[in-house]
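A.B. asks: Everything below, folded, please.
(chains A, B, C and D)
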2 protein chains.
Amino acid sequence: MLGRSGQRDDMELVVLSLLAESPRYGYAVSKELGVRSEGRVRLTPGVLYPLLKELESAGLIQGTWEEVRADEEGDGEGRKRKWYRVTAKGRKRMEQRLAAHRAFRALVDALVGPDTGADAGRGEASR
Amino acid sequence: MLGRSGQRDDMELVVLSLLAESPRYGYAVSKELGVRSEGRVRLTPGVLYPLLKELESAGLIQGTWEEVRADEEGDGEGRKRKWYRVTAKGRKRMEQRLAAHRAFRALVDALVGPDTGADAGRGEASR
DNA sequence: TTCGAATATATCGACTCCGGATATATCTAT
DNA sequence: ATAGATATATCCGGAGTCGATATATTCGAA
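C.D. replies: Predicted structure coming up:
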């Protein structure tokens, strides 16, 4: 049908960047991404958690569970969050992804011209 | 294993851009992409032809066969090329992909800072 | 003139990934 | 109460990836 979104590597870059900035838990990553992209980039649960899991098992990020209890009362389990931080290996991966991203940017710029806010209509092709 | 490439939408943008620039046949698209990206972006047959086919059946590009004969001699079939040009619909799609690309660029810039040639080490996070 | 490399298009298929739907449980505000 | 947000996680049908493979023509070098 041609028209999804699907950019796993892009997501990897963006998630690693966010986590490099400061440790966060999954849901916060998802929300923050929504905010910073002004709603243009969405990271749904079905993509987010498998990605985090994979990043962790690849040693690129490291997760720690934290219990968040609302009231002081003793026993029952409270809500849990899993905080992730980027490892050194993860930073390296992030740099790689960033380099790839910049290379692609350069290619796009070479093809359609650098981003000039207004559309100054490029020439029509004839043949 | 984490580390492929796979970016169909990116390829779509890049192929549509090339064809918007001037009509080309598949092999030429592939070669030109290699050149302009300095070898960083490769579009192999297994990706190229299915993509072109899909773009055509979606009405984004339009292909025409052209026979290329080496010598003047009459009969035998010569080598054939299929030239593609972008349709109006294809241009629209290209603009959409471009907009998405620019949105993602903006997000990355917001996350890691705009592209400053040299790496001016960003601050470490603590927690 | 012959033989390998480049040109040119195309399909196959095993593998991977995507992402909407779904499930579960806690917390907050009305 | 209870609806909606928070928070994590899996499932699985459908889609995409890309190396390998197939076929045929043309060019250049030995």
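
A.B. asks: Spell out the secondary structure type for residue A:33.
C.D. replies: Per DSSP: H, G, I helix; E, B strand; the rest coil, the secondary structure class of residue A:33 is helix.

A.B. asks: how about it, what does it touch?
C.D. replies: A:14-15, A:18, A:41-43, B:107 (C-beta atoms under 8 Å, 6 or more residues apart in numbering or on different chains). (Each C-beta comes from the backbone N, C-alpha and C, glycine too.)

A.B. asks: So which residues on chain A come close to DNA strand D?
C.D. replies: Within chain A, the positions near DNA strand D by C-beta under 7 Å from any atom of the strand are A:1-2, A:4, A:6, A:25-28, A:31, A:45-46, A:49-50, A:52-53, A:68, A:79-82.

A.B. asks: pLDDT and neighbour count added to the contacts of residue A:33, as TSV?
C.D. replies: Shown next, in TSV, are these (pLDDT from 0 to 100; neighbours: other C-beta atoms under 10 Å in any protein chain shown):
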residue	pLDDT	neighbour count
A:14	94	26
A:15	95	29
A:18	95	22
A:41	86	21
A:42	88	12
A:43	91	22
B:107	91	20
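
A.B. asks: that older thread, just the buried residues of the residues of chain A next to DNA strand D.
C.D. replies: Burial by neighbour count, 16 or more other C-beta atoms under 10 Å in any protein chain shown: within these this picks out A:25-26, A:52, A:81.

A.B. asks: which two from those end up farthest apart in space?
C.D. replies: Largest separation among these by C-beta to C-beta: A:52 and A:81, giving 12.2 Å.

A.B. asks: Please flag which of the residues of chain A next to DNA strand D sit within strands.
C.D. replies: Mapping the residues of chain A next to DNA strand D onto strands (DSSP state E) picks out A:25, A:68, A:79-82.

A.B. asks: any chance of these in CSV, with distance to residue B:92 and pLDDT too?
C.D. replies: As requested, those are exported to CSV (distance: C-beta to C-beta, whole Å; pLDDT from 0 to 100):
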residue, distance to residue B:92, pLDDT
A:25, 40, 97
A:68, 47, 84
A:79, 46, 87
A:80, 46, 91
A:81, 43, 95
A:82, 42, 96
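
A.B. asks: buried stuff in the longest helix seen in chain A?
C.D. replies: The helix that spans the most residues within chain A, counting by DSSP state H, is helix A:88-112. For helix A:88-112, a neighbour-count test (16+ other C-beta under 10 Å) marks A:90, A:93-94, A:97-98, A:100-101, A:104-108, A:111-112 as buried.

A.B. asks: gap between residue A:55 and residue B:112?
C.D. replies: Separation of residue A:55 from residue B:112 (C-beta to C-beta, to the nearest Å): 17 Å.

A.B. asks: now do residue A:67
C.D. replies: Separation of residue A:67 from residue B:112 (C-beta to C-beta): 32 Å.

A.B. asks: Now that residue A:19 has come up, it's in contact with residue A:85, right?
C.D. replies: Yes: the pair residue A:19 and residue A:85 qualifies as a contact (C-beta atoms under 8 Å) at a distance of 6.4 Å.

A.B. asks: Common neighbours of the two, please.
C.D. replies: Counting by C-beta under 8 Å, 6+ apart, the contacts common to residue A:19 and residue A:85 are residue A:61.

A.B. asks: Look at these two and report which has more neighbours.
C.D. replies: Ranked by neighbour count (other C-beta atoms under 10 Å in any protein chain shown), residue A:19 and residue A:85 place residue A:19 first, with 25 against 16.

A.B. asks: Among the buried ones among the residues of chain A next to DNA strand D, which one sits closest to DNA strand C?
C.D. replies: Proximity of those to DNA strand C (C-beta to the nearest atom of the strand) peaks at residue A:81, which lies at 10.3 Å.

A.B. asks: what bridges to the nearest residue to that closest one once chain neighbours are set aside?
C.D. replies: Leaving aside its chain neighbours, residue A:81 sits nearest to residue A:25 (4.1 Å; criterion: C-beta to C-beta, 6 or more residues apart in numbering or on different chains). Beta-bridge partners of residue A:25, counted by DSSP bridges, are residue A:83.

A.B. asks: Alright, I will stop here.
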